Structures are given as C-alpha cells and as structure tokens.
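>>> need a 3D model of the following:
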Amino acid sequence: MIMAENKLKNPELDLFFEAVLKLQTIEECYSFFEDVATINELKALAQRIQVAKLLKEKKVYTEIAEDTGASTATISRVNKCLNYGTGGYNLILERLEKN
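The predicted structure follows:
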C-alpha cells in the first residue's frame with residue numbers, strides 16, 4: 001500500500017483519523033459522523049464505497065449508476081482510485097469480504 005502524499009498529511013487529519021480509530025460500534029460511528037459531517041457528505045462517502053464494491057464485482061458503469069445513483073464521473077474517479085490509487089479501497093474491501 002502506498003502511503004498518503006505529504007500534501008495531505010497534517011496534524012489535524014492525524015487527530016481526525018485517531019478519533020475515527022477510537023470508534024468501536026456502528027452506533028458510535030453514526031453519532032460521531034452525524035456531528036462532524038453533513039448528511040450529503042456522508043451519503044457521498046457511502047456511495048463511493050458502494051461504487052468501489054460494485055466495480056470490484058465487475059459490474060458495468062450503467063448498472064452501477066442505476067443501482068447507486070452515482071454519476072459516471074464519480075464511478076470513473078472511484079475506478080481510477082481502485083486501479084491507480086493508494087490501495088485504500090482495496091484494503092477495506094478485502095477486510096469487509098473477510099467478515
């Protein structure tokens with residue numbers, strides 16, 4: 001896995017990620033993320049994970065767009081990250097598959 005670029009890494013994000021790592025249940029995640037993000041931001045993040053999952057399942061763009069409501073631009077961006085990104089989507093999808 002490729003490490004995050006230096007331009008992204010900063011103390012504020014470190015604190016945020018440390019906070020996320022302290023969450024222990026889905027209920028805690030709902031409470032925390034409802035406080036720190038808008039509903040639309042959370043829906044957009046959730047949509048991207050779903051798009052990544054469907055891309056890994058070899059679904060086509062039109063099917064993914066229909067199933068998720070994601071634009072083809074979003075699907076394309078997620079696909080680019082799956083294939084050329086830092087490996088974050090793949091890491092999480094593999095861990096989710098194991099559960």
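>>> for the chain, longest helix please?
Counting by DSSP state H, the longest helix found in the chain is helix 39-56.
>>> show me what the next helix or strand after that one is packed up against.
Once the chain leaves helix 39-56, the next helix or strand it forms, by DSSP states H and E, is helix 61-68. Here helix 61-68 touches helix 39-56, helix 72-84, going by 3 or more Cβ pairs under 8 Å, 6 or more residues apart in numbering; DSSP states H and E. Where C-beta positions appear, they are placed from N, C-alpha and C, glycine not excepted.
>>> pull out the buried residues from the longest helix of the chain.
Gln47, Arg48, Gln50, Val51, Ala52, Lys53, Leu54, Leu55 (16 or more other Cβ atoms under 10 Å).
>>> for those, which one is nearest Lys22?
Distance ranking of the buried residues of helix 39-56 against Lys22, using Cβ to Cβ, places Arg48 first at 23.0 Å.
>>> any low-confidence regions in the chain?
Across the chain, the ranges flagged by pLDDT under 70 are 1-6.
>>> if we use 90, what do you get?
Counting by pLDDT under 90, the low-confidence segments of the chain come to 1-8, 99.
>>> run the angle between the longest helix of the chain and helix 72-84 for me.
Going by axes from the mean of the first three to the mean of the last three Cα atoms, to 10 degrees, helix 39-56 is angled at 60 degrees with respect to helix 72-84.
>>> list the helices and strands helix 39-56 packs on?
When contacts are defined as 3+ Cβ pairs under 8 Å, 6+ apart, helix 39-56 sits against helix 61-68, helix 72-84, helix 88-98.
>>> perfect, that will be all.
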